[in-house]
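Visitor: Fold the following and give me the result.
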Amino acid sequence: MTDSPRDHQLNDIPETTNDVALIRGLTESRSSRRGFLRAGVGAAGALGLAPLLSACGVAGTAASAKKSHEFDWDAWWQKQKPTDELVFANWPYYLDTSDHGKKHPSLDLFKKATGINVTYKEVIQNNAPFYAQISPVLQAGQPTGYDIIVITNGWQLTQLLENAWLVPLWMDKLPNFQKYASPSVKSPAYDPNSKYSVVWQSGFTGIGYNPKLTGREITSVDDLWDPKFSGHVGMMSDNTELGSLGLLKLGIKPSTSSKSDWDKAAKVLNQQKPLVRQYYDQSYITALQNGDIWISQAWSGDIYQANLKGYKDLKFVIPDQGVMYWHDNMMIPLKPKNALSALSWMNFYYTPKIAGIVADWVNYISPVPAAQDYIRDTLKDPTVANSPLVFPTKADYAKAHDYYTFKSYAEYTSWNNTFNPIIQS
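Guide: Residues are numbered from 1 along each chain as shown. Here you go, the predicted structure:
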């Protein structure tokens, strides 16, 4: 497989003063991508999404999956023709903007380097309903209309993989991923060898707190069970996060847990229930800022952005038991119209410059460690560059845990049935 002239252009992105001025956009307000539930299985959400969740276990695809896995994808890729279009489906507030949100500098630089026009659609507000939208189309063997989609590691991504509804990536076209990607995002447990996906952004789920209200520094998951904080503890209504924290409390790795472990975690979470003020969606951050709660499960990016907005007292901590590490992933659904364009963007993104532009705006964990130097030295933004919430240390990564990867719809249902009653009752 040979490289096209476009591939070489992607590895030679100019660094000019005008480009830097274009991409900063630091005076524009940022909104958290976590304003939209990651898993969508909260107390009310679990009930409202019931019809969608039932669609997650799409049946009758085993034969098509087997056929797809036996398909000659190398030959398929060789037949693909370059195009000057790309349709990119992503979550809201998850890409750098300028001109009051009217422009995306990183996409403008991509067009300048490649000639590819990007139709960028902020159509993913939640994994479950987006999956429910595209799965019947994929099952029918039809194109989704998107060349790239962004899905969080979890049940929906597992279903896309098991049903063989994703195009295996042509890694020869992704030299920047191989060169610059963090070891923490290469070959994740849910997609060994990154065969079908590359990480877009990541984050930690740990503990957020206000030391002025707790009266001490927080170091352990056990602090969320401290009676001294009764009525001022926040927990998440996302049952993936809630159940995983219960497992960490017991010293159990979520990724290798069993049904009996889940039952034990549910028991200890029920014991904590009298201390909990509320099981929150994104609104937990407002409750922390207002002082309604003093300590809570929290997403790293939310605490970072709260600090930027002036809530300097809030802290994020990776507890002694560890932190959950999630990934939002770029992938190509079956029958893309612009497959080579999709690879071109993925490769373009995995450069320190472009990954740095995006990270400097969205403030979640970048999959490109070298973006840190670009943000510090070129963008002159040491606040972001020096934040362990955007560029974690090796010690931080050493305490990061993977989520459980469900092996069947029955397992997924069992998890929901175990932890949803805690949130709903």
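
Visitor: Show me the helices in the stretch 151-300 of the chain, by range?
Guide: With helices called from DSSP state H, counting those that start in this stretch, the stretch 151-300 of the chain shows them at 155-162, 175-180, 211-214, 239-249, 259-272, 284-290, 300-308.

Visitor: any chance of these in a markdown table, with mean pLDDT, mean neighbour count and distance to residue 123 too?
Guide: Just so you know, the C-beta spots here come from the backbone N, C-alpha and C atoms, and that holds for glycine as well. Shown next, in a markdown table, are the helices of the stretch 151-300 of the chain (pLDDT from 0 to 100; neighbours: other CB atoms under 10 Å; distance: least, CB to CB, whole Å):
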| stretch | mean pLDDT | mean neighbour count | distance to residue 123 |
| --- | --- | --- | --- |
| helix 155-162 | 94 | 22 | 15 |
| helix 175-180 | 98 | 17 | 25 |
| helix 211-214 | 98 | 14 | 39 |
| helix 239-249 | 97 | 25 | 22 |
| helix 259-272 | 98 | 16 | 33 |
| helix 284-290 | 96 | 19 | 24 |
| helix 300-308 | 90 | 22 | 21 |
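
Visitor: nearest to residue 407, of those helices?
Guide: For residue 407, the closest of the helices of the stretch 151-300 of the chain is helix 155-162, at 8.4 Å, according to CB to CB.

Visitor: will you turn the helices of the stretch 151-300 of the chain into CSV that also has distance to residue 394?
Guide: Below are those laid out as CSV (distance: least, CB to CB, whole Å):
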stretch, distance to residue 394
helix 155-162, 27
helix 175-180, 17
helix 211-214, 25
helix 239-249, 20
helix 259-272, 28
helix 284-290, 28
helix 300-308, 16
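
Visitor: So for residue 80, which of the ones you listed sits nearest?
Guide: Nearest of the helices of the stretch 151-300 of the chain to residue 80, taken as CB to CB: helix 175-180 at 17.7 Å.

Visitor: List phi and psi for residue 402.
Guide: With angles defined as degrees, to the nearest 10, residue 402 sits at phi -80, psi 150.

Visitor: ok, it to residue 240 distance?
Guide: Separation of residue 402 from residue 240 (CB to CB, to the nearest Å): 12 Å.

Visitor: what does residue 90 give?
Guide: Separation of residue 90 from residue 240 (CB to CB) stands at 21 Å.

Visitor: just residue 81 next, same as before
Guide: 40 Å.

Visitor: do the same with residue 287
Guide: Taking CB to CB as the measure, residue 287 falls 20 Å from residue 240.

Visitor: buried residues in the longest helix belonging to the chain?
Guide: Taking DSSP state H as the criterion, the chain has its longest helix at helix 409-424. Judged by neighbour count (16 or more other CB atoms under 10 Å), helix 409-424 contains these buried residues: 409, 411-413, 415-416, 418-420, 422-423.

Visitor: ok, the residue lying farthest from the centre of the chain - contacts?
Guide: In the chain, the residue that sits farthest from the middle, by CA atoms, centre = their mean, is residue 228; the gap is 33.5 Å. By CB atoms under 8 Å, 6 or more residues apart in numbering, the contact set of residue 228 is residue 215.

Visitor: what pLDDT does it get?
Guide: For residue 228, the model assigns a pLDDT of 98.

Visitor: Check the gap between it and residue 214 for me.
Guide: Taking CB to CB, one finds residue 228 at 8 Å from residue 214.

Visitor: Got the confidence number for residue 70?
Guide: Looking at residue 70, its pLDDT stands at 77.

Visitor: swap that for residue 370, please
Guide: We have a pLDDT of 98 for residue 370.

Visitor: ok, and what's touching whatever helix or strand residue 343 lives in?
Guide: Per DSSP states H and E, residue 343 falls inside helix 339-349. Helix 339-349 is touched from outside by 4, 6-7, 10, 13, 77, 80-86, 88, 106, 110, 113-114, 116, 118, 147-148, 167, 169-170, 173-177, 198, 200, 330, 332, 336, 354-355, 358, with contacts defined as CB under 8 Å, 6+ apart.

Visitor: try 6 Å
Guide: By CB atoms under 6 Å, 6 or more residues apart in numbering, the residues outside helix 339-349 that reach it are 10, 80, 82-83, 86, 110, 114, 116, 147-148, 173-174, 176, 198, 330, 332, 354.

Visitor: What's the ChimeraX syntax to select whichever of the residues you listed are buried?
Guide: This is how ChimeraX selects the buried members of the contacts of helix 339-349, with burial counted by 16+ other CB under 10 Å:
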select :10,80,83,86,110,114,116,147,148,173,174,176,198,330,332,354
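
Visitor: Could you pick out which of the contacts of helix 339-349 are located in strands?
Guide: 86, 198, 330 (DSSP state E).

Visitor: Was I right to think the last one contacts residue 198?
Guide: Yes. Counting by CB atoms under 6 Å, residue 330 touches residue 198, with 5.4 Å between them.

Visitor: does the closest residue to residue 184 other than its chain neighbours count as helix, strand or coil?
Guide: Nearest non-adjacent residue to residue 184, counting by CB to CB, 6 or more residues apart in numbering: residue 397, 5.4 Å away. Secondary structure, DSSP: H, G, I helix; E, B strand; the rest coil: residue 397 is helix.
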